[in-house]
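*Asks:* model this:
(3 chains)
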Amino acid sequence: MPSDRPLLSLRAVFLRQFLRHGRSIMTSPADVANPLLFFFMVITLFPLGLGPDPARLATLSPGILWVVALLASLMVSAKLFASDFEDGSLEQLALAPYPLAVTALAEVSAHWLATGFLLTLVSPLFGVMLGLPDEGLLTLLVSLLLGTICLTLIGALGSALTINIRRGGLLLSLLIIPLNVPVLIFGTTAVREAVLGGNPESWLALLGALALGSLVIAPLAIGAALRVSLDS
Amino acid sequence: MLLEATQVAIERGDRRLLSGVDLRVTGGEIWQLVGANGVGKTSLLRGLAGVARLGVTGEIRHAGAFLYLGHASALKLGLSAVDNLRWHPASDVTASAGQICEALAAVNLAGYEHRPVGALSAGQQRRVALARLLLSDAPLWLLDEPFTALDVAGCEWLEACVRSHLNGGGATVFTSHQPSRFGTLQQDLDLGHYAV
Amino acid sequence: MAPVGALLRAVRRYNTSMWTFIHKLGSPPWFFGFSGSLVRWLLPITVTLLLVGAIWGLLVAPPDFRQGNSYRIIYIHVPAAVVALAGYYVMAFAGAVSLIWRIRMADVTMRAAAPVGAILTAIALVTGAIWGKPTWGTWWVWDARITSMLILLFLYLGVVALFEAYENKTAAARACAVLSLVGTVNIPIIYKSVDWWYSLHQPASIKFTGESAIDASMLYPLLLMIVAFYCLFVLALLLNMRAELVWTHRESGWLKQLVGDT
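*Replies:* Next up, the predicted model:
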């Protein structure tokens, strides 16, 4: 939309979209609590399924915690752009004279704070419940902090590609699970290395590199995907 | 010339809906897109706005800014009317809280400024969406079924609003099932002629 | 993409015939004729290469001193795996061309490459499992190469499923292009991470594939089979594209004329 008015700075646009989406999430606390509850419930299933042996749970806990975090993020990312698409916000965003990559990144950031970040904060609690040794707790926290950034961005891409598709939920998992494989590997390996007294820093560095790379590439892909979804 | 559309064709999926549509809109004009259900009124308006670009061929040129209001109102139900307008995704300038409250008062929503939009009726939600018209200075308005869900007073307000926009040199293109709301002021573009 | 654009502009300036060739490639009727003659050449070449490679690999090449004759499945497994991976890049490149230059034939290429690549990946996985039974004593091992192939299969299936899910096929092609480009960026990371993951979890003793030097008498038929599989891929791609063109242009005049002529 060409306009004679001066345009807002990208930072102001980012902030506006961030506030709008963030406030909107805060008005439905159930949506924020559900992934955490899901995380909690699925974690509970593992001792029930594998038996309560603390030693075995402790060895498996890095993998369990990470896989469940991945599933929780998968579950919430399906809805990321759905409401914007249905209520017409997305077409208005597409008409605004700002790159969709920036506005989409603002929404994803707000979404991450409400899901991935919260999940990270509570994860040590579940780590303790599964008997993860204390040496691994800090690494778990840091790895999830970096990892959920990747998971959320990749999930957002999946959401952007499937919002205009009926029964897109199953398709979404097919699209994004393979892309999440490196995040899972780096994350679990970092935690396991920390538990075994190895060197988790290099794996955390790899996760950090993935997070930075996703922050650069994913918003562009999400913007393009949102345009496709609007066009179809 | 605010909008110049030449030989526009619209396809939805694999089916061609319209072809050869010509439309020139200058300041002071009201155009109503008319035609039966499913003829492609909304698709054409979305094409003119540039929301959907696949399946739209031909040349569409805008001179200056425009405001597009779709079927869906782009309101977040959990947010208040003020927040919805303040952080509206398409507005390129942030309006002050005072301006927003004035606009809400003009659409007869004084006292509802800080209620969640989800708690308002469908007609009231429509009014919140229409309050954007007062906060924008875009010369061209593209409105999809703007009279939907409005009561008599609301329709009259919207008519007056469009008239004053015209007097200020603006123009409006809208779709509606009700014929000739603006009498001799408006021109009709009958899409039946362009249907394939 | 600016350097690529500049390069193409230079090509257009200095070599107009090349450019008209690319333009012609973008036209379905011309492509249909061109690919028809290409298929007529490629079909006998592919069959010959496959036959020679198979006979050489299965009958002439010596048995492995450790695995005996069971290793011979590499003459299918390795070429399928190599070409499956290359196929993803073909698909992603077609997707990029389709996104940037909006050439319809690029959409068709991408759409046709996905199932071919998926089938090759599946062949690589199945032959890998069959190979695993005599080698490791079990059908499935979470070996780095097999795991990477499995993830590649998921990536392919994602593209196929996404394409099928969209009703508007132009939009489907764009969405798949975005997905396959992201996949392309991700594939090296996936392969590397799976490699590290495997080497951390497995003792080195059972890693006897790949590292040991392969004798020339075994290598030459393998290289021949890889070339044969590349030809097979191109052949399947072309046939698939032609089928796609026949379907989308079933109402077009040029196709009816062509059918009427022959």
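*Asks:* wait, doesn't C:Phe32 sit right on C:Leu245?
*Replies:* Yes. C:Phe32 lies in contact with C:Leu245 (Cβ atoms under 8 Å); the separation is 5.8 Å. C-beta coordinates here come from the backbone N, C-alpha and C atoms, glycine included.
*Asks:* skipping adjacent residues, who's closest to C:Ala144 in space?
*Replies:* Spatially, and ignoring its direct neighbours in sequence, C:Ala144 is nearest to C:Tyr198 (3.5 Å; Cβ to Cβ, 6 or more residues apart in numbering or on different chains).
*Asks:* so which bits of whichever helix or strand the one you found is part of are buried?
*Replies:* Using DSSP states H and E, C:Tyr198 sits in helix C:169-201. Residues of helix C:169-201 classed as buried by neighbour count (16 or more other Cβ atoms under 10 Å in any protein chain shown): C:169-184, C:186-187, C:189-191, C:193-194, C:196-198.
*Asks:* ok, and does the top helix by length along chain A reach over to chain C?
*Replies:* Secondary structure assigned by DSSP state H gives helix A:200-231 as the longest helix of chain A. Yes. Counting by Cβ under 8 Å from any Cβ of the partner chain, contacts between helix A:200-231 and chain C involve A:Leu210, A:Ile217, A:Ala218, A:Ala221, A:Ala224, A:Ala225, A:Val228, A:Ser229, A:Asp231.
*Asks:* farthest pair within the residues you listed?
*Replies:* Among the residues of helix A:200-231 next to chain C, the pair separated by the greatest distance (Cβ to Cβ) is A:Leu210 and A:Asp231, at 30.1 Å.
*Asks:* in the stretch 1-150 of chain C, what residue is nearest chain A?
*Replies:* At 7.4 Å from chain A, C:Leu99 is the closest residue in the stretch 1-150 of chain C, using Cβ to the nearest Cβ.
*Asks:* so that residue sits against C:Ser180, correct?
*Replies:* No. Between C:Leu99 and C:Ser180 there is no contact under Cβ under 8 Å: 10.1 Å.
*Asks:* so how far is B:Val39 from the residue nearest to C:Ala144?
*Replies:* 60 Å (Cβ to Cβ, to the nearest Å).
*Asks:* one step back: not counting its neighbours along the chain, what's nearest the residue of the stretch 1-150 of chain C closest to chain A?
*Replies:* Using Cβ to Cβ, 6+ apart, the nearest residue to C:Leu99 is C:Ala177, at 4.7 Å.
*Asks:* and B:Ile60, by the same measure?
*Replies:* Distance criterion Cβ to Cβ, 6+ apart; nearest residue to B:Ile60, sequence neighbours excluded, is B:Ala5 at 4.9 Å.
*Asks:* ok, now which ones touch A:Thr115?
*Replies:* A:Val32, A:Pro35, A:Ala72, A:Ser73, A:Val76, A:Thr148, A:Thr152 (Cβ atoms under 8 Å, 6 or more residues apart in numbering or on different chains).
*Asks:* now those residues: which count as buried?
*Replies:* A:Pro35, A:Ala72, A:Ser73, A:Val76, A:Thr148, A:Thr152.
*Asks:* residue numbers of chain A in contact with chain C?
*Replies:* So far as Cβ under 8 Å from any Cβ goes, chain A lies against chain C at A:157, A:161-162, A:164-165, A:168, A:171, A:174-175, A:177-179, A:181-182, A:185-186, A:189, A:210, A:217-218, A:221, A:224-225, A:228-229, A:231-232.
*Asks:* to clarify, my last question referred to chain B.
*Replies:* Going by Cβ under 8 Å from any Cβ, the residues of chain B near chain C are B:Gly13, B:Asp14, B:Leu54, B:Gly55.
*Asks:* how far does whatever helix or strand A:Phe38 lives in sit from the chain's center?
*Replies:* Remark: A:Phe38 resides in helix A:29-50, with elements defined by DSSP H and E. Computed by Cα atoms, centre = their mean, to the nearest Å, the chain-centroid distance of helix A:29-50 equals 16 Å.
*Asks:* does anything pack onto it? Which helices or strands?
*Replies:* helix A:10-26, helix A:54-77, helix A:118-129 (3 or more Cβ pairs under 8 Å, 6 or more residues apart in numbering or on different chains; DSSP states H and E).
*Asks:* of these, which stretch is the most buried?
*Replies:* helix A:54-77 (a mean of 20; mean count of other Cβ atoms under 10 Å in any protein chain shown).
*Asks:* tell me the angle of that helix relative to helix A:29-50?
*Replies:* Between helix A:54-77 and helix A:29-50, the angle comes out at 150 degrees (axes from the mean of the first three to the mean of the last three Cα atoms, to 10 degrees).
*Asks:* now the closest residue to chain C within chain A, nearest residue through space, not along the chain?
*Replies:* When scored by Cβ to the nearest Cβ, chain A has A:Ser232 as its residue closest to chain C, at 3.2 Å. Counting by Cβ to Cβ, 6+ apart, C:Ala171 is the residue found nearest to A:Ser232 once chain neighbours are left out, at 3.2 Å.
*Asks:* next, the angle from whichever helix or strand the residue of the stretch 1-150 of chain C closest to chain A is part of to helix C:169-201.
*Replies:* Using DSSP H and E, C:Leu99 falls within helix C:74-101. If you take the same axes, to 10 degrees, helix C:74-101 sits at 130 degrees to helix C:169-201.
*Asks:* just say helix, strand or coil for B:Trp141.
*Replies:* Three-state assignment for B:Trp141 (DSSP: H, G, I helix; E, B strand; the rest coil): strand.
*Asks:* tell me the contacts of it?
*Replies:* Per Cβ under 8 Å, 6+ apart, neighbours of B:Trp141: B:Phe66, B:Leu67, B:Leu69, B:Leu133, B:Val162, B:His165, B:Gly170, B:Ala171, B:Thr172, B:Val173, B:Phe174.
*Asks:* please indicate which of those residues are buried?
*Replies:* B:Phe66, B:Leu67, B:Leu69, B:Leu133, B:Val162, B:His165, B:Gly170, B:Ala171, B:Thr172, B:Val173, B:Phe174.
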